[in-house]
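**Student:** Okay, here's the prediction I keep looking at, along with the sequence it came from:
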Amino acid sequence: MNYRRLQQRFMLHLDPVLLAGLCGFMLLSLTMLYSASDGNWARVLGQFSNFVVGFAALWIVANMPLHWLMRIAVPMYVVGVLLLIAVALFGEISHGARRWLNLGVATVQPSELMKVAVPLMMAWYFEKNEATLKFKNYFIATVLFLVPVGLIMRQPDLGTSILIGASGFYVLFLAGLSWRIIIGAGLAALVSAPFLWNALHDYQRHRILMLFDPSQDALGKGYHTIQGMIAVGSGGILGKGYLNGTQTHLDFLPERTTDFIFAVWSEEFGFIGNLLLLGLYVFVIGRGFIITANASTYFTRLMAGSITLTFFTYTFVNMGMVSGILPVVGVPLPLVSYGGTAILTLMLGFGVLMSIHTHQRLVKT
Amino acid sequence: MNHNVELKDTQREIYFFRLRLFLSMGFVGLLLLILLLRFFYLQVMRSDYYETMAESNRIYVVPIVPNRGIITDRYGQVLARNFAGYTLEVTPEKIADMELEIAEIGKLVEIKPKDLRRFKKLMAERRSLQTLPIRTRLTDAEVARFAAQRYRFPGVEIKARLFREYPLTDVTSHLLGYIGRINQQEIDVLDKAGLAENYDGSDYIGKTGIEQSYEKEMHGQTGFEQVEVDAGGRAVRMVSRTSPQSGKNLTLTLDAKLQQVAVQAFGNFRGALVAIDPSNGEVLAYVSKPGYDPNLFIDGIDSESWDALNNSPEVPLNNRALRGQYPMGSTIKPFMALAAQHYNVRSPTYSINDPGYFTLPGSSHQYRDWKKDGHGRVDLFKSIVVSCDTYYYGLATEMGIDRMHDYLDLFGFGKKTGIDMEGEVSGLLPSTEWKAKRYKQIWYPGDTVSAGIGQGYHLVTPLQLAFATATLANDGVAYRPHLVKEIQHAANEPQPAPQPLFDLHIPPEHLALVKSAMVAVTQPGGTAVGASMGAPYSIAGKTGTAQVVAIKQGEKYDANKLSEFNRDHAWFIAFAPADKPRIALVVLAENGGHGGSTAAPIARKVLDYYLLGKMPPPLPAGAAKAATQGD
């Protein structure tokens, strides 16, 4: 095989448009981490290797035929739920939450696995019952995502459970859940809100309360929100310039390489920078929608739609919490925040998107 | 057909799916718009506000406390100074278990029970987020030992500070007062005066004495340093600096050596001494005995020492010169003699025959003279020299209390002198009007009789009497007594010379009679004969005895029968040289008995030092009992 054919073989299942967007995010993430970590190359290189691993996973998944994906849906989901139960029983407690499971060789966070496993399982389930969809099937699909969501919420990990809950809801919605049920459920949620409120942990309630008035607890729970808003607001239209953010470099911003990295960007590049960043997200999400619209099977449509919308949800929740319109729930800025697991999970999702796009294209031709 | 239906279903399915997908896109678009609006609001509409917030986050204003002014005596001897030292300070908010923390600190730095008691007192009255000293004046070794272990003690820090020190301790205690840690009440006062900002970072404020009355001048102007800080509050770099302006130094009118001589001269007596330069009102010595060590108060006194001072029967915390009120006794007589001539109630040649007592017309009650058998024929001159009570009983009765009040009022009795120290009391100068108001009673003739010899309602402070004596010495031209000669100023800034407060325009012949009589008081035949013995300058003086408890009719005063604290107070007022007075003074020896025997020798030592530079010999036991006679 000559070089050209090798290249063709390698690129066969990759979507160049999506890949360009992801590479753009990688560059942006490394640039911002350099600033957010005060020039700590170890952090930048660490994130680079996270991306390398992520891209490798993406390549592998993109090259998987779709029926392989369908085949692993059930085992992956079952293992995931079992691991979540194991966490609830024997998990390690860190920072007041029981999220990690020590398997002897490594410590894993099963909730991350569920970000892929839940939509995959639901899409598989709908595909299996496509011909005879009834209310019962929607009900079972709902149970399929509410079980892991409930388990994760109990850990407690509000951010992850919201994201997984959202991804499950997107599958239901795209699968054609009747409007009557959607509206009915919406009303039921309103009615049950007070009961849910009671079920929340104190720190979660506090975070929600802080949403409405973060200044009430400026040195405590509201500190993150206030400092985030100050960073964003003080950036102004043009920003303070790369490496010149005072909130960032004088330690006022908490979690600035992870959950609050958007504040670093906002402070240093301002409103114009935010427009550019949103543009990049719209580019990737838009590509996801095109792939979804062109997906040929029920399974792939649901899968692609859920992955794209969940990616957007990540973005919205993170930017919303940093800019003070959503409570601080601990969701990273997708593809930018430091963190190997999050990047790996996201890249797996994009791998599935590419697989969906390229394998059906091959089928068609 | 079958194929068709399936195809149609698939198309319908795709149609419905795409409808849902478009709805999702719309949802995404809506949320993106919300984000955009939010960014627009924060970064475009309110960016000024958040920029200010970011600035105030990073810029921290650190006050730089100015050095407090130094106090020296008139010749430059330092009476209050600052020295640099280290303290170990604690921020109670940052410490969970104080007892444990103190125990741990105690392993590195010695904390005495006294430090601990003082610290507990400070804890009770502290302001929030204030750091409190648990140990002051650390040794270099202690500083090094603690610094090495500092990481173990968040909330405990070593601070370099300037400490105040009063080298003469109890000799100048009532004069200088002391500074102490600012309490909430003082903060409120500063707040109201708009001075709170100038006290940012200041821990001390003048509490009493000169330290209190010249607080404004000595504190100085607080400087500020703007520093950029990180979120942990650590300074990263300095942005700007406004230097503090040190407080102004004070030069007192006091002669510190004279002050020491005066304190020594008191021996074990309690009492007060005020010496004034009659030509300008400068206070040369200001003594209130016993004193206390003002250095104890600076960083908060421990409760044991406080109780000891506060509960002592000798009342060492009472500033007697300023706040002690006593009957003036016979020291009233020179002033009464002037009043007699002023109202023309007695001519110098008029004389009485003193049988040793006085009776009011139509009464058998005998007002006794201090000398049982009387002084024989007594005129105005002799009445002062021998301190004849009978003479003044009659004089006062004839003059009447209201005329007495009006004349004594001219010399400043019953009023504050307006000295530059806070807390002065006004004494009491009685009149018929006063008694009607105060007691709703008429004035009885008997009241006037005892008022004539300075007993009864009439009360003076030693300072008041010193002021009146200085006015008399200066021929009726009064200067306000003052303690500060000069506040540090620029060389070209003119300093106004003290201006006379008032001039009584006393006829010279009236003055001459009284002054010559006062000179005779200190010579053989006078009540303070020992006072001028062997002095190369002439002393004008007058003795006095202030009764502490009333002696019943027909009984005789016997000091030995009375407990120490019920014995009479001894007064002596004097000025010298008599013809051209350079110093006027008042000595009060509490429970000292006779003015001539206890108070006058004290005055003599002070005068000798001031006029001759002669240091008194160490006090031999019993020396105070010089040969003097009577009151």
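**Tutor:** Structure received. Predicted, not measured: the structure shown is a model, and the values here were computed from it.

**Student:** closest point of chain B to chain A, which residue?
**Tutor:** B:Tyr50 (2.7 Å; C-beta to the nearest C-beta). Yep, even glycine has a C-beta here, placed from its N, CA and C like the rest.

**Student:** Return the residues in contact with that residue.
**Tutor:** Shown in contact with B:Tyr50 (C-beta atoms under 8 Å, 6 or more residues apart in numbering or on different chains): A:229-230, A:232-234, B:42.

**Student:** Now the buried members of the residues you listed.
**Tutor:** A:229-230, A:232-234, B:42 (16 or more other C-beta atoms under 10 Å in any protein chain shown).

**Student:** And the nearest residue to B:Asn318 once chain neighbours are set aside, what's its pLDDT?
**Tutor:** Distances taken as C-beta to C-beta, 6 or more residues apart in numbering or on different chains put B:Gly324 closest to B:Asn318, at 6.5 Å, once the chain neighbours are dropped. As predicted, B:Gly324 sits at a pLDDT of 92.

**Student:** same check, this time on B:Leu619
**Tutor:** 50.

**Student:** And the residue of the stretch 51-200 of chain A found nearest chain B, what's its pLDDT?
**Tutor:** Going by C-beta to the nearest C-beta, chain B is nearest to A:Leu174 of the stretch 51-200 of chain A, at 5.3 Å. What the model reports as pLDDT for A:Leu174 is 92.

**Student:** wait, what's in contact with B:Asp409?
**Tutor:** B:415, B:429.

**Student:** Now it: which helix or strand?
**Tutor:** Counting by DSSP states H and E, the element that carries B:Asp409 is helix B:401-410.

**Student:** what do you get for A:Val52?
**Tutor:** Per DSSP H and E: helix A:41-62 holds A:Val52.

**Student:** For that helix, name the packing helices and strands.
**Tutor:** Secondary-structure packing of helix A:41-62 (3 or more C-beta pairs under 8 Å, 6 or more residues apart in numbering or on different chains; DSSP states H and E): helix A:16-36, helix A:340-364.

**Student:** care to break chain A down by domain?
**Tutor:** A:16-63+A:207-365, A:72-200 (automatic domain parsing).

**Student:** residues from the stretch 51-200 of chain B in reach of chain A?
**Tutor:** B:51, B:53-55, B:57-58 (C-beta under 8 Å from any C-beta of the partner chain).

**Student:** Return a selection command, for use in PyMOL, containing the buried ones of those.
**Tutor:** Selection of buried members from these for PyMOL, criterion 16+ other C-beta under 10 Å:
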select buried, chain B and resi 51+53+54+57+58
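
**Student:** Just the buried positions in stretch B:475-482, please.
**Tutor:** Buried residues in stretch B:475-482 (16+ other C-beta under 10 Å): B:475-482.

**Student:** now those residues as a markdown table including secondary structure and distance to A:Val17?
**Tutor:** Below are the buried residues of stretch B:475-482 laid out as a markdown table (DSSP: H, G, I helix; E, B strand; the rest coil; distance: C-beta to C-beta, whole Å):
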| residue | secondary structure | distance to A:Val17 |
| --- | --- | --- |
| B:Asp475 | coil | 111 |
| B:Gly476 | coil | 110 |
| B:Val477 | strand | 106 |
| B:Ala478 | strand | 102 |
| B:Tyr479 | coil | 99 |
| B:Arg480 | coil | 95 |
| B:Pro481 | coil | 96 |
| B:His482 | strand | 92 |
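
**Student:** Can you measure across stretch A:86-97, start residue to end residue?
**Tutor:** Criterion C-alpha to C-alpha, to the nearest Å; first-to-last residue distance in stretch A:86-97 is 14 Å.
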